[in-house]
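J.: below are the sequence and a predicted model; questions follow.
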Amino acid sequence: MTFKNLVDLHTHTDNSFDGNHSTMFLCETAYMKGLRAVAFTDHLEMDAFFKGSFDKTAIHSFFEIAKARSAFEGRLLVCIGAELGQAVYNKEISEKLISTMKYDIIIGSIHNLPNVQDFYYMDFNDENIDYHSLLDSYFEWELKLAQWNGFDTLAHLTYPLRYIVGNYGKSVDMSRYSEIIDEILLTLIRNGKSLELNTAGLRQPIGITSPDESILRRYKDLGGSMLTIGSDAHYAEHLGAGIDKGYELALKCGFDSITIYQNRTPTLIPIE
Ligand SMILES: [Zn+2]
Ligand SMILES: [Zn+2]
């Protein structure tokens, strides 16, 4: 299927430590690819905010996006975003940041457990690593993040599976987490927040979105209607990647619109 309202609300510029292309170049690429809207959401890892110089990153990223937004006015809707990693480990600074900067969209995510390395760097072949119990605490923190409620959309809910299942081929019994996942989804719904459909997994070994179809269906069954979508692109060539597949999946699960944010206010646009 081809869609006319393609948007990508989770992307990284070279103001992210793992980003590769400038904001302007990414805007040009997004426009050429026919995207209607793009949000740049550079990493701000809140558990290392000053140590990792994310205070400086936040300023650079914000102003480059603001500049790009005016340069592309009328051609491409550019939203100023940030991906707040581990905000619940440092609520005070997180709240201060989001109240001082006029973001369009805040993405909430968790990449690591407290004082532990990112799941990305873990060796899941190590027999001392009990990934089922790591996932227990991961989802507990996701619930705390949802309850904190300082973001607009909850990013890649099943992030560790990218590595545990995708890269290491381990099998995870997700029924162990269904109760807490329900609680996370219900918290989002009660708070009027969005769930993110992250399409990065479609181009990675895991081969599926985060969350996957079963969780999307559950979200819908529980009354969820607000869904954002993002490629999690770290390269220009990945801008918009998998968004069409994501739209197809959303439609299949009963969603007829996708949510975008300006000034931290949601607007639902039809998937068509
Ligand atoms: Zn992330
Ligand atoms: Zn990201």
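T.: Received it, and whenever you're ready, just let me know what you need. Ligands and ions are numbered 1, 2, ... in the order given.
J.: the residue of the stretch 151-272 of the chain found nearest ligand 2: how many residues sit nearby?
T.: Ligand 2 sits closest to D232 of the stretch 151-272 of the chain, with a gap of 4.5 Å, by Cβ to the ion. For the C-beta atoms, the positions are set from N, CA and C on the backbone; glycine is no exception. By other Cβ atoms under 10 Å, the residues close to D232 number 27.
J.: now it. Nearest residue, chain neighbours left out?
T.: Excluding the flanking residues, the one nearest D232 by Cβ to Cβ, 6 or more residues apart in numbering is A200, at 3.9 Å.
J.: how far away is that neighbour from Y31?
T.: Distance check for A200 against Y31: by Cβ to Cβ, to the nearest Å, it reads 22 Å.
J.: ok, H238 next?
T.: According to Cβ to Cβ, H238 stands 16 Å off from Y31.
J.: circling back to that earlier point, what about the residue nearest to D232, how many neighbours?
T.: Neighbours around A200, by other Cβ under 10 Å: 21.
J.: contacting residues around it?
T.: 156, 162, 210, 231-233, 238, 241-242 (Cβ atoms under 8 Å, 6 or more residues apart in numbering).
J.: how about these in a markdown table, adding secondary structure and pLDDT?
T.: Listed next are the contacts of A200 as a markdown table, based on DSSP: H, G, I helix; E, B strand; the rest coil; pLDDT from 0 to 100:
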| residue | secondary structure | pLDDT |
| --- | --- | --- |
| H156 | coil | 98 |
| R162 | helix | 96 |
| S210 | strand | 98 |
| S231 | coil | 98 |
| D232 | coil | 98 |
| A233 | strand | 98 |
| H238 | helix | 98 |
| A241 | coil | 98 |
| G242 | coil | 98 |
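J.: what about the strands in the stretch 151-272 of the chain?
T.: Along the stretch 151-272 of the chain, the stretches classed as strands by DSSP state E, counting those that start in this stretch are 153-154, 194-198, 227-230, 257-262, 265-270.
J.: which of the contacts of A200 lies closest to T41?
T.: Nearest to T41, judged by Cβ to Cβ, of these is D232 at 8.8 Å.
J.: what does I105 show for phi and psi?
T.: Torsion angles at I105 (phi, psi; degrees, to the nearest 10) stand at phi -150, psi 130.
J.: derive a PyMOL selection command for the buried subset of the contacts of A200.
T.: Buried members of those, defined by 16 or more other Cβ atoms under 10 Å, are picked up in PyMOL with:
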select buried, resi 156+162+210+231+232+233+238+241+242
